[in-house]
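Q: from the sequence below, what's the structure:
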Amino acid sequence: MSRRSRAREIVLQVLYQNELNPEQPDFVRTRFVEARLGHNDKLVAFARSLIDGVREHRETLDQALGRTAMNWRLSRMAATDRNVLRLGAYELLHTDAPGRVVINEAIVLARRYGSDNSASFVNGVLDKLMKMQAEEANDDSTASAETDATSEDISQTD
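A: Down below sits the predicted model:
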């Protein structure tokens, strides 16, 4: 297991723990992350950035996952699957990590911590989310190009 994979595993454990025990103080989570990652400053910083990012964007991540996981409400998903999806969605939507790497890492976590069907479920949801994001980015760039072309046409007629 790569070092970043190990960091993601620890992040999943913290997200799961946070969901089941939200009253736990941050310093306990910080100590847990540091101890599990051998006090490696780079890995701890990477893990903290993922934890903080998922926490900060949790509402929008849940909305995106809710739209993507048709016929599944997040509240009805297993807590491990839900948190693997949140972590994967955060990395897909808010980091520059390659989408296929993010999905593969999430599948590994789902296999390790989820049920027999978790890996395929996580793969399907995150793959759909990645495709939707690519379509939106393509639509945005097309709209931007059309706006630029219209602006050029207007400036040439002046």
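Q: how about the strands of the chain, start to end?
A: In the chain, no strands are defined using DSSP state E.
Q: okay, now the unreliable bits of it?
A: 1, 140-158 (pLDDT under 70).
Q: around Asp62, how many other residues sit close by?
A: Neighbour count for Asp62, taken as other C-beta atoms under 10 Å: 17. (Each C-beta comes from the backbone N, C-alpha and C, glycine too.)
Q: distance of it from Leu50?
A: Distance of Asp62 to Leu50, computed by C-beta to C-beta, to the nearest Å: 16 Å.
Q: again, but for Asn21
A: Separation of Asn21 from Leu50 (C-beta to C-beta) stands at 19 Å.
Q: now do Arg111
A: Using C-beta to C-beta, we find Arg111 at a distance of 19 Å from Leu50.
Q: for Glu105, which non-adjacent residue is closest in space?
A: Ranked by C-beta to C-beta, 6 or more residues apart in numbering and with sequence neighbours excluded, the top spatial neighbour of Glu105 is Arg8, at 5.5 Å.
Q: Met77 against Leu85, yeah?
A: Yes. Shown here, Met77 and Leu85 form a contact pair, counting by C-beta atoms under 8 Å, at 7.5 Å.
Q: overlap in contacts of these two?
A: Ala69 (C-beta atoms under 8 Å, 6 or more residues apart in numbering).
Q: please identify which of those two sits among more neighbours.
A: In this view Met77 and Leu85 are compared by other C-beta under 10 Å, and Leu85 has more residues nearby, 27 against 20.
Q: run a quick neighbour tally on the closest residue in space to that one that isn't next to it in sequence.
A: In space, Leu85 comes closest to Leu65 once its chain neighbours are excluded; the distance is 5.3 Å by C-beta to C-beta, 6+ apart. Taking other C-beta under 10 Å as the criterion, the count of residues near Leu65 is 22.
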